[in-house]
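**Q** I'd like to go over a predicted model; first the sequence, then the structure.
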Amino acid sequence: MNYSALFIQLLPEAVLVITALLLLGVAVAVEAKTQRPMPIDLTIVISAMGIATACAALCYCPASFESGTSLLAMDPLARLFKAVVLMLGLLAVLLPPARNEIKQPGEFHALLLFALTGLLLTVGTVNLLFLFVALELASLSLYLLAGFSRTAKASEAALKYFLFGGVSAAFFLFGLSLVYGFCHTLLLPDIAAKLLATGPLPAYAVVGLVMVVVGLGFKLAAAPFHYWAPDVYEGAPATSVGLIAAASKAVGVLVLVRLLLMGFKEAGGSAAWGAMQPGWSLWLGVLAAVSMVFGNVLALAQTSVRRLLAYSAVANTGYLLVALAANGTMAAGSALFYVVVYGLATFGALAVTAAVERDRGDDSLGSFAGLVHRSPLQALALLVFLTSLAGVPPLAGFVGKFVMFSAAMAETTNHGTPGLTWLVGLAAIMSAISLYYYLMVLKQAFVREAADPRPVAMSTSHRLAVLVPALLVVVLGLFPALLLSPLAAALEATLGFGK
Amino acid sequence: MTPAWTLISAFAGALLVLLLPARSAGLARVIALAASIIGAVAAAAACLTKLQRLDAPAWSFDKPWIPELGIRFHLAADGLSLTLLLLTGLVAIAGVLFSWNVETRPRAFFAFFMTIIGGVYGVFLSRDGFLLFVFYEIVILPKYMLIAIWGSTNREYGAMKLTLYSIGSSALILIGLIVAYAAAGGTSFDLNDLASFKYAPGLQYWAFPILFLGFAVLAGIWPFHTWAPTGHVAAPTAASMLLAGVVMKLGAYGALCVAMPLFPLGFVEWRLVIAGLAVIGVIYGALTALQQKDLKFVIGYSSVSHMGLILLGLATATHWGLRGAVLQMISHGIIAGLLFGIAGRVVYARTHTRDFGALREFDLWRTLPGAAVAFTVATAASMGLPGFSGFVAEVAVVIGVWQSYPWLLLPVAVGLIVTGAFSLRAMHRAFFPERPPGVAPAPPLPPLTWPEISAISLLSIFSLAIGIYPLPWVTLIDDGLRSPLFHSILSLP
C-alpha cells in the first residue's frame, strides 16, 4: 500500500477533519479567554474556508488513481459527486443556526464537518463494510446535530432520528452479512462478477438485499420508513435539517445507485407492466408508488411549512425511486441530477422558512403572509424553490423530473410495451397534485397581505444561503447539461469501469 | 425581423418590467406596450414575408439542449404558427391597453402578463416536444398569480381551480409525450421525428386519448370545461382576454399539432367521441350562456361553446375542418378579447357591476354609447354574421362537418342558433334595456379613454378584415397544413 498516495486521495477528508479539530480548539480557547462562546460568524467563516480548501484539494487529486487499497475508490463518479456534496455542505454551513438555540457554535460546526467527512467517505468507496462505517460516521454526527439545540422538540427529533437510524443500520448490516455469505466478497465489482457467473440469488441473499434496501429506505425517508422525517424537519435546527435534506439525501441516492447498479444489476428483475419479475426493481417500484402517494397526500394537510417540506421529501424520494427502478444508466444518472437540484430547492426553501420563523416565531403558513412586501427578494427565491419542487419550468426541478421520467420510460419499454408507464403516470399525476400544497405557501407569500410590513431580518450568510441555491436552480433549469452531462458521463465511465 | 423577436420581446419585456425601480413603476405599462407592439410587428412582418414567398423554407432555429436525451432547442415557424403568433401579438397589445389603469403592483402585473405572452409565443414556435411542454407550463404560475392577486369575484377559488385543471392536464400531456418518446426509441423529442415514427396501433389506442385529453382540457372540452367560466370571470380583464383569447388556443393547437400527428391511428379510433363531446360542448355552452345573469359569465360560457366548434373542426379530419378550426382559433381569440375587454374593463370599471339587473339602471346605450356600439359589433362577430371573422370560420368548420359527419349538422345548427340567441340576449339586457317611461335618466358615465378606444378598434378591425378578405389567412393556414405532420391525418379515408 502506498501511504503517500492514500493521503493524497484522502486529502479533502483530511482537510475537513483538521478544520473541525481547529474549530474545537479555537472554540475552547475563545471561551476560556472571554467567558463567552465563540461568535457564530467566526465559526461560519472558518468552516466555509475549510470546505473551500477541501474542494481545492479535491481538484488537486488526480482524476484516475490507484492507491493500492480496495477500501477507497477514486472513480469519476466519486470525484464529481464529492464536489457536489461539498457544495451542498457549504450551503448548510452558510445557513446560520438560530442564536438563541445553539449555545456552542464551535462544536456545532465541528460536528457538521465530521458529518460531511462521513458523507464524502461514503461517496468514495465500493467496499460494503467501509461503506457502512462511513455511513455511520455521517449518521452519528447527524443524530447529534438534530438534537443540538436541546429544545424539547429537537430532543424528540433527535431521539426519533437516532432510533429509526439505529434500526435501519442494523437492517443494513445484517443484510450485508447475508449478502457476504453468498458472495464471499465485499467489493461491488466482484459481487457483480459473481452474480454474472452464478445466476439468480439464493433466497437468503435475496433477504439480505431486501434488508439493505430497507436500511437505505430509512435514510432516504421512503414511505413506509419515513416516520422520523416530519419530526426531524420540524424540530431540529434549520442548519441540521438542511444537511439532512440535501447532502445526506444525495449521498443516500448515490449509495443506492452504486449498490444496485454496480453490484446487483443482474438481480434487478423488472417493474415493467406486464413483464414484472422479482428483483429489487420491483421493490423499488412499489416503494416509489407508496412514497409518492403517502408523501403527497399527507403534505396536503400540513400547516407547518417544515412538516410540509418533510412530506414533500417523502414524495420526492418516490420520484427518485421511479428512476432507479428502471435499472438503467441514464435513468440513474438523471436521478443523481434530480437529487442535487431537489436538494438545492429544498435547502433554499428551508433557509427562507428559517428566516421567516425566526422573525415571526413559528413556521405556520400564516407567518408567510405578505412576504413579497416584506422581503421581495426572499419571496422571489421562495417562488423559485417551491415551483422547482413542484416541477414548473423553466426551473431545474422540472427538467430533473422530466429527464428522470423520460429516461426511465425509454430504458424500460421495448417495441411499444408499456414498461414503467404505470409508475411514470402515477408520478406525473402526483407531481401535479403537489403543486396544490406548494401554492398554499406561495398564496400566503404573494396574494395575502402582511399584518406587519417589517422586512425579515437576515444575516449576510443567511442571504447567501438563500440566493445561491436560487440562482443555481434557475441556471440548472435553463442549462441542465452543465450538470447532467458530466454526471451521466461519470456514471457511464464508473459503471463501465466496474464491469 | 425573424419570428424569434416575438419570444425575445416578450421575455425581455417581462424581465425589464421586473427590474424597474419602485419609483418608476408607472413605466411598466409603457414597456409592456412597447414589447407587445414589437412582438406583434415581428409576427406581422413574418406573415407578410411568408405571403410574398410561400415556397421559401420556413424560418427555424435549432440547437442541442440536453444531448443525453436528444432534446433540442428547436423553433420553427410555418404559416399556421405565424397566424397564431400574430393573433397573440394583437391580443397582447389589446390586453396591455385594457390594463392601462392597473395601479396596484403594476410591475408584477405586467411581468406576469408578458411571461404568459412569451410562453404562448413559445408554444406556437416550438418544434421539440420538450421545449413545447416547457413553454406550455411556463404560463401556469403567472395565470394563477394574475387571477389570485388582481382578480375579482371569488378570485382565489377561481385561480386555484384553473391552476389545478391546467397542471392536471399537463400531467396527462407529460405522460403522453414520454410514452411517445420512449416507444419511438428514446433518441429524439423532435416533433417531426416522433410524428414520422409508426407507433403500434395498440399503443396509439390508449396513448392518444391521454395526450389529446391533456390538451383538450385546456381547450375547454366538455365535461372538463368548468375551470374556464369561473377562471375567466375571476380573472382581471387582461387575464380573461389572454385566457380566452390565446391560452385556450394552446390546448387546441397542441391537440392539432402534437396529439393528432403523433398518434393518427388512435385519433381515427377516437375521433367520433371527440366530435360528440365537441358538439355537446357547443350546445351546452350556448344553453348555459343563455341563462346567465352576469355579463362575464355569458362570455365565459360562450367561449366553451366556441371552443367546441374548434374541437369539432379537428375531429372532422378534413382539410376544411382543420382550416376552419384554425380560423376559429384566430377569430375567437380576437372576439373573446374584445368581449372580455368591453365587459370587464370598459363597463365594469365604470359601473362596478356586471349583473344584468343592476346594469339596467345605467342605461348604457345612452350613457356609454361607444361601448354599446363596440359590444354590438363584437356580438355580431361572435354570432358569426357575414362580414366578420366568425362567419368565415364557422362556414369552414361546417363544410368539414358536412364532409365527415353530415348527420352532426343538425345539432351544430341548433348550437349556432342558440349562440345567436344568447348573444342577442346579453347585448340587449346589458346595453339596450327597456326602461319604463318616467324613470329619472341614468347618471352620466365617463367617456371611453384613448387606450380603450385603440384596443377596441384594433380588435374590431382585424375581425372585420378577416371576415371581408380571408384569403391571406387561409393561404397561411394552408401552408401550415401542408406540413408532413398532417399527411397521415388528411389522407384518412
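**A** That came through, no problem. This structure is a prediction, so every number in the text was calculated from the model and none was measured.
**Q** got any ranges where the stretch 351-499 of chain A has weak pLDDT?
**A** A:415-416, A:497-499 (pLDDT under 70).
**Q** where does it come near chain B, residue by residue?
**A** With Cβ under 8 Å from any Cβ of the partner chain as the criterion, the stretch 351-499 of chain A comes near chain B at residues A:372, A:383, A:387, A:392-394, A:398-399, A:402-403, A:405-407, A:409-413, A:415-416, A:419, A:421, A:424-425, A:428-429, A:431-432, A:435-436, A:439, A:443, A:446-447, A:480-481, A:484-485, A:488. In this view, the C-beta of every residue, glycine as well, is placed from N, C-alpha and C.
**Q** what segments of the chain are strands?
**A** Because you didn't say which chain, this covers chain A. Here chain A has no strands by DSSP state E.
**Q** my bad, the chain I had in mind was chain B
**A** Counting by DSSP E, the strands of chain B are B:59-66, B:71-77.
**Q** so which of the residues of the stretch 351-499 of chain A next to chain B belong to helices?
**A** A:372, A:383, A:387, A:398-399, A:402-403, A:405-407, A:409-412, A:421, A:424-425, A:428-429, A:431-432, A:435-436, A:439, A:443, A:446, A:481, A:484-485, A:488 (DSSP state H).
**Q** and the residue of the stretch 51-200 of chain A closest to chain B?
**A** Here the stretch 51-200 of chain A gets closest to chain B at one residue, residue A:80, 15.0 Å apart by Cβ to the nearest Cβ.
**Q** residues contacting that residue?
**A** Neighbouring residues of residue A:80 by Cβ atoms under 8 Å, 6 or more residues apart in numbering or on different chains: A:486, A:487, A:490.
**Q** out of the strands of chain B, which one sits most buried?
**A** Burial of those is given as mean neighbour count (mean count of other Cβ atoms under 10 Å in any protein chain shown); strand B:71-77 ranks first at a mean of 22.
**Q** who are the contact partners of the residue in the stretch 251-400 of chain A positioned nearest to chain B?
**A** In the stretch 251-400 of chain A, the residue that lies nearest chain B is residue A:393 (4.1 Å; Cβ to the nearest Cβ). By Cβ under 8 Å, 6+ apart, the contact set of residue A:393 is A:399, A:477, B:133, B:134, B:135, B:137, B:138.
**Q** and of the residues you listed, the nearest to residue A:262?
**A** Proximity of the contacts of residue A:393 to residue A:262 (Cβ to Cβ) peaks at residue A:399, which lies at 25.7 Å.
**Q** show me what from the stretch 201-350 of chain B comes close to chain A.
**A** Contacts of the stretch 201-350 of chain B with chain A, taken as Cβ under 8 Å from any Cβ, map to B:202, B:203.
**Q** relative to residue B:176, how far out is the closest residue to chain A within the stretch 201-350 of chain B?
**A** Proximity of the stretch 201-350 of chain B to chain A (Cβ to the nearest Cβ) peaks at residue B:203, 4.4 Å away. Noted for residue B:203: a distance of 11 Å to residue B:176, by Cβ to Cβ, to the nearest Å.
**Q** buried set for stretch B:288-299?
**A** For stretch B:288-299, the neighbour count (16 or more other Cβ atoms under 10 Å in any protein chain shown) marks B:288, B:289, B:290, B:292, B:294, B:295, B:296, B:297, B:298, B:299 as buried.
**Q** quick one on the thing from earlier: among the residues of the stretch 351-499 of chain A next to chain B, name the buried ones.
**A** A:372, A:383, A:387, A:392-394, A:398-399, A:402-403, A:405-407, A:409-413, A:416, A:419, A:421, A:424-425, A:428-429, A:431-432, A:435-436, A:439, A:443, A:446-447, A:480-481, A:484, A:488.
**Q** sketch out the low-pLDDT regions of chain A for me.
**A** Within chain A, the ranges that satisfy pLDDT under 70 run A:1, A:63-69, A:415-416, A:497-499.
**Q** residues contacting the residue in it that chain B sits nearest to?
**A** At 2.7 Å from chain B, residue A:410 is the closest residue in chain A, using Cβ to the nearest Cβ. For residue A:410, the contact set (Cβ under 8 Å, 6+ apart) comprises A:328, A:330, B:69, B:181, B:182, B:185, B:186.
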